[in-house]
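> Fold the following, please.
(4 chains)
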Number of protein chains: 2
Amino acid sequence: MAVVVKPKKEAGEKPTRIQEINRGVILDAALEMFSTYGFRGTTIDQIADKAAMSKPNLLYYFKRKDDIYAAVLEATLDEWLRPLHALDQDGEPVEELRRYITRKLEMSAKKPAASRFFANEILHGAPHIHGFLKTDLKKLVDEKSGVIRKWVSEERLAPIDPYHLFFLIWATTQHYADF
Amino acid sequence: MAVVVKPKKEAGEKPTRIQEINRGVILDAALEMFSTYGFRGTTIDQIADKAAMSKPNLLYYFKRKDDIYAAVLEATLDEWLRPLHALDQDGEPVEELRRYITRKLEMSAKKPAASRFFANEILHGAPHIHGFLKTDLKKLVDEKSGVIRKWVSEERLAPIDPYHLFFLIWATTQHYADF
DNA sequence: CAAATTGTTGACTAATCGGTCAAAATACAG
DNA sequence: CTGTATTTTGACCGATTAGTCAACAATTTG
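Sure, this is the predicted structure:
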């Protein structure tokens, strides 16, 4: 008797409606908890409570605590970087920087959890995104540093080290969000 | 038969040589671990390992994990505040601020653990020093804010909100230490 | 509706962690 | 050296936590 092997699930199948909703709910809850209590300070039970579901149910969507953290990181990283992406070398320098800072401040105010989450990650040496920071983020920062340098060389902006400028903006917007 | 009660130990007796050494070793180890992994992320075993002693031995010197944290806080706070204390209203404003920032940067570079420790505490809403922050630190910051305001009113310094200035300096020096 | 798949959970386990304790080892005073 | 106070530790305990599992419920599909 021939047995027809019918695969139950292909890798990379599209998520169901329920999966999409619940993953979102979990990530929101997890971001809130991780940003407040850190990785070790947050329990899966706490996240499950906040997401209004049982722990086994949560673990049905994310097999391990590390996976939840990684997913939160990935989901938040894009948003955190978006303001910097928008810095346009063809714009007017002071106006571009003003818009960048405004966007950063807005983001810190509107999504304080995301902001705290990253501050925390970076403060502790970015242990979970070290590889990423060394590649993608560095590339982006290098690219935008080039824009600043270009403006300085064209004498459209007072001389300043681009890295110092970014640090100044990141640090200050973050602190305003904290307090 | 009269029993002579001979107290074994008076409160506030001077610590023995061994106590002095071991408390120091423990505080160094604890600062390193707490600043890297946070309060919840650090285990007593880890601190004991770093201090090269057994856990019960460590707990002989500090009865609870909270006590270790509090002791680290107390031991480090003074150092963290010292640069601000030195801000002198009778000095030349720009030179005073330059010196303050330089000292802050030196401290962040020389004692990164202490610096991270406080950044971490403040980022999470200073849960362990809330009372202190509300009194002593606030008083100090208010006092030094008065110095800044005085300089501004005498037109010896460009107009700036003193709190914003301190945040700017703290945030930036900390970020330099992190990266 | 009926079968199959997906979603949900109570009950459990193994490991970790903060903290205790009694007993052994060491340092120290007379 | 002798006795006493101090220091050190292995073994242990109760609580918490990450993660499992088998059974049950809901949803989707045909």
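> Now the residue in chain A positioned nearest to DNA strand C: which helix or strand?
As assessed by CB to the nearest atom of the strand, DNA strand C sits closest to A:P56 within chain A, at 3.1 Å. C-beta: built from backbone N, CA, C; applies to glycine. Following DSSP states H and E, one finds A:P56 within helix A:55-61.
> mean confidence for that helix?
Mean pLDDT, helix A:55-61: 97.
> Show me what it is packed against.
helix A:17-37, helix A:44-50 (3 or more CB pairs under 8 Å, 6 or more residues apart in numbering or on different chains; DSSP states H and E).
> List the buried residues of the first one.
So the one you mean is helix A:17-37. A:22-23, A:25-37 (16 or more other CB atoms under 10 Å in any protein chain shown).
> now, which of those lie close to DNA strand C?
A:N22 (CB under 7 Å from any atom of the strand).
> Tell me the one among the buried residues of helix A:17-37 nearest to B:I160.
For the buried residues of helix A:17-37, the residue nearest B:I160 by CB to CB is A:S35; the value is 30.1 Å.
> how about the closest one, what does it touch?
A:112-117, A:120 (CB atoms under 8 Å, 6 or more residues apart in numbering or on different chains).
> Return a PyMOL selection command for the buried portion of the residues you listed.
To isolate the buried ones among the contacts of A:S35 in PyMOL, judged by 16+ other CB under 10 Å, type:
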select buried, chain A and resi 113+114+115+116+117+120
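> ok so, going back, count residues in the vicinity of the residue of chain A closest to DNA strand C, would you?
9 (other CB atoms under 10 Å in any protein chain shown).
> how close does it get to chain B?
24 Å (CB to the nearest CB, to the nearest Å).
> swap in A:G24?
Following CB to the nearest CB, the distance that separates A:G24 from chain B is 26 Å.
> same thing with A:Y163?
Taking CB to the nearest CB, one finds A:Y163 at 8 Å from chain B.
> so which strand or helix has that residue?
If you go by DSSP H and E, A:Y163 is part of helix A:162-178.
> Could I get the buried residue list for that helix?
Applying 16+ other CB under 10 Å to helix A:162-178 flags A:162, A:165-178 as buried.
> Please pull up the helix or strand immediately following the least confident helix or strand in chain A by mean pLDDT.
Using mean pLDDT, DSSP states H and E, the weakest-scoring helix or strand in chain A turns out to be helix A:130-132, at a mean of 70. Downstream of helix A:130-132, the first helix or strand assigned by DSSP H and E is helix A:138-153.
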